[in-house]
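sequence isn't available, so here's the structure alone:
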C-alpha cells in the first residue's frame, strides 16, 4: 500500500528545531571574531608603536630600525602599555572587524543615501559604492555562468554520445583547469581586446572558462547514470537516441546537474572577479586591487565580504531552484 | 537436448492456431570474455506456441535470461537460428512484437504511474487521447486504477511491479517476456501477483515467456516448463503441464502439482550431475 511519508520530519535535518541551529552558528562567528581581534594586535604592532612613539609615548626598543627586525609578539609583550590604537589605526595591515564593518557601511548604505554621487542625490548608483561594483561583477558572473553551463551541458551530451568526443574533449577540459586562471586571465583580456572585444564579454569568458568544467564532469556522470536495465528497457521500445536523451538521460541527470551548478556559479563569481583585476573598470575585483594599491585594507576586506555574501546568495538561489525542480519532478516529497 | 523427432512431438495441439510464434533452432551464444569464451547457450532448440505460458527454470548461469534476451534482440546469438513471429528478433522488436518486464520495476521516479505507463506510447508516437485511453485500460487490467497520478515512491514494491507489467502491456504486443519479475518480492505478494498474472494471461491471450528461480512458481503458472542447466547453458527437459487452465492457489497441494514439481526438481538435479 502507499506509504505515507512525513515531509515535516524530512525537511528538518536531524530533527532539530530551527532556533537550536542558531547557537552553533553564532558561536562559530564569535570565535572567529575573537581570533581576528587578537590577531589584529601583533599584525599591526609596528605601525602602532611608531605612531605611539611620535605621540610621545616611550616604546621599547626605542629605535624603529631595531623594532623592524623583532618578532611581532615580542614587541606586543614589551609594549603592552602602547597598544591602545591597535584596533583603530588608519592604515592597518589587518583591520579590526568593526573597521571593516564601518567601511562596508560607508561604502554601501552611507554612500548611496548621503554621498554626492549616491542613488538618492544623483538617481544612479555611485561608482564609489560596493553596491555598484557588486552589480558589475554580478553581470559578468551571470553571463559567464550562462555560457559555462550551456557549454558544459552541450559538451557532456557530445561526450556521452560520441566516442570520438569522449576521447578528444575530456583530456582538454581537464588540462584547461590545470592552468592557473590568474595567469590566463590577462591573456584572454589582451587577445580579446586586440580583436575589439572588451567590457563585459572578456570577463564573462573567463567566468565561463571556470564554470563549464564542473558542469561537464557532473553532466557526463549524470547522463551516464541510468543503469543497464533502464537502457535495455529503452532498447526494447526501439527508442531513437533522441528519445533516450530527453526521456531518460536528461531527467536522470538533473540531481547531478544541480550539484555541478552550485560549484559552477561560485566559480563564475571567482572568474568574474579575477577578470576585473587587470582591467580596473569597476567590479569587486577592481575594488580589491585598488584597495591594495592605496593600502586601504579595510576596503579590500569589505569587497571580500561582499563577494563572499554574493557567493553564498548565489549558491543558495541554485539550491532553492533545485528543491523546486526536484519537488515538481516528484523526486523529492 | 531435443532431437528433431521430439521437436515435432512438441505438444501444440491444444489450440488450433498453433504455429510457433518463437522458434529457436540449434541456437548458440558464446560470450568472449577476458577469461576465454563462455558458452551461455549451446544448441538450444525450442518452439513456443501462440498463447502458451512458458517458464524457464534453472540455476544461475544456465542461460535462461540470456535466451529471453535473445528473443528480445538484447543479445545476438552466435549460431543457429531464431525467429519471432516469423521475423528476426531485431525485426520483431521494431514491429513491437513483445513487451519486456525486468526483475526491478524500473519505473522513472520523475514520472507518475500513468506517465510511466505512457512512456513506450510516447516513444512510439501514439496520440495524447490514445495514450490516455490505453493507460486507463491497462491500469484496470493490473488493478491499479486510481493510482495514475501517484509517484512510484508512493507505491509498494508489488504495486510498482504491476505498474511495470501494465507498461509492457500498453502497446498491445502479443508476446510478454518476463525476466524474474517477482524475484525481489516477498512470498505473499508473489502468490497474489502469480494469481493475477494467470488471470491477465487468460484475459489477454498473450504468449508469455517467464524466467524464474522458483519451482512452485514455474509449475503454478506454466503450460510448459523448460528446465535448463549451466556450463554450457542448455535445455535438459521440457515438461508440458497437465494442470487445467483454471488454477486456484491451492492447486499447489494436489498430487499432480507435486508430481510436476518433482519432475522439475529431478531435471534440475540431472543437469547438475552431468
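Cool, the structure landed. Source: prediction; values computed, not measured.

need the three-state assignment for residue B:47.
Under DSSP: H, G, I helix; E, B strand; the rest coil, residue B:47 falls in the strand class.

return the distance of it relative to residue B:27.
According to Cβ to Cβ, to the nearest Å, residue B:47 and residue B:27 sit 12 Å apart. C-beta coordinates here come from the backbone N, C-alpha and C atoms, glycine included.

pick out whichever of those two has more residues nearby.
Neighbour totals were compared for residue B:47 and residue B:27, and residue B:27 leads with 25 against 22 (other Cβ atoms under 10 Å in any protein chain shown).

and the more buried one, that's in a helix?
No. Looking at residue B:27 with three-state DSSP, it is strand, so not inside a helix.

using the three-state scheme, assign the spatially closest residue to residue B:42 that is not a sequence neighbour.
Nearest non-adjacent residue to residue B:42, counting by Cβ to Cβ, 6 or more residues apart in numbering or on different chains: residue B:232, 3.6 Å away. The three-state assignment at residue B:232 reads coil, by three-state DSSP.

do I have it right that residue B:232 meets residue B:31?
No. With contacts counted by Cβ atoms under 8 Å, residue B:232 stays clear of residue B:31, the gap being 11.0 Å.

overlap in contacts, those two.
Applying Cβ atoms under 8 Å, 6 or more residues apart in numbering or on different chains, one finds that residue B:232 and residue B:31 are jointly contacted by residue B:40.

how about the closest residue to residue B:222 other than its chain neighbours, what does it touch?
Among residues not flanking residue B:222 along the chain, residue B:55 sits closest, at 4.0 Å (Cβ to Cβ, 6+ apart). Neighbouring residues of residue B:55 by Cβ under 8 Å, 6+ apart: B:210-212, B:217-218, B:221-222, B:224-226.

pick the one among the residues you listed closest to residue A:150.
Proximity of those to residue A:150, judged by Cβ to Cβ, is greatest for residue B:211, which lies at 44.7 Å.

which strands or helices does the host helix or strand of residue B:37 pack on?
Using DSSP states H and E, residue B:37 sits within strand B:36-49. Under the contact definition 3 or more Cβ pairs under 8 Å, 6 or more residues apart in numbering or on different chains; DSSP states H and E, strand B:36-49 sits against strand B:20-33, helix B:64-71, strand B:79-84, strand B:207-212, strand B:234-240.

can I get those in a markdown table including mean pLDDT?
Below are the helices and strands packed on strand B:36-49 laid out as a markdown table (pLDDT from 0 to 100):
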| stretch | mean pLDDT |
| --- | --- |
| strand B:20-33 | 85 |
| helix B:64-71 | 88 |
| strand B:79-84 | 85 |
| strand B:207-212 | 90 |
| strand B:234-240 | 83 |
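
compare those and give me the one nearest chain A.
helix B:64-71 (8.0 Å; Cβ to the nearest Cβ).

what angle separates the closest one from strand B:207-212?
Here the directions of helix B:64-71 and strand B:207-212 differ by 150 degrees (axes from the mean of the first three to the mean of the last three Cα atoms, to 10 degrees).

between strand B:79-84 and helix B:64-71, find me the angle.
Angular relation of helix B:64-71 and strand B:79-84 on a 0 to 180 degree scale: 70 degrees, by the same axes, to 10 degrees.

from residue A:326, how far out is the closest residue to chain A within the stretch 151-274 of chain B?
Shortest the stretch 151-274 of chain B-to-chain A distance, computed as Cβ to the nearest Cβ: residue-wise this is residue B:151, at 4.2 Å. Distance from residue B:151 to residue A:326, counting by Cβ to Cβ: 12 Å.

quick one, which of those two is more surrounded?
Taking neighbours as other Cβ under 10 Å, residue B:151 and residue A:326 compare with residue B:151 leading, 21 against 17.

nearest residue to the more buried one other than its sequence neighbours?
residue A:330 (4.2 Å).

domains of chain B?
B:4-97+B:174-273, B:106-172 (automatic domain parsing).

which of these comes out lowest on mean pLDDT?
Least confident of those, judged by mean pLDDT, is domain B:4-97+B:174-273 with a mean of 82.

before we move on, the earlier item: looking at residue B:232 and residue B:31, which one has more neighbours?
Applying other Cβ under 10 Å to residue B:232 and residue B:31 shows that residue B:232 carries more neighbours, namely 19 against 13.

now do the contacts for the nearest residue to residue A:108 once chain neighbours are set aside.
Spatially, and ignoring its direct neighbours in sequence, residue A:108 is nearest to residue A:130 (5.0 Å; Cβ to Cβ, 6+ apart). Listed by Cβ under 8 Å, 6+ apart, the contact partners of residue A:130 are A:104, A:107-108, A:284, A:287, A:302-303, A:306.

within range of chain A, give me the residues from the stretch 51-200 of chain B.
B:72-74, B:93-94, B:96, B:98-100, B:102-104, B:106, B:108-112, B:119-120, B:122-124, B:147, B:150-151, B:153-156, B:159 (Cβ under 8 Å from any Cβ of the partner chain).
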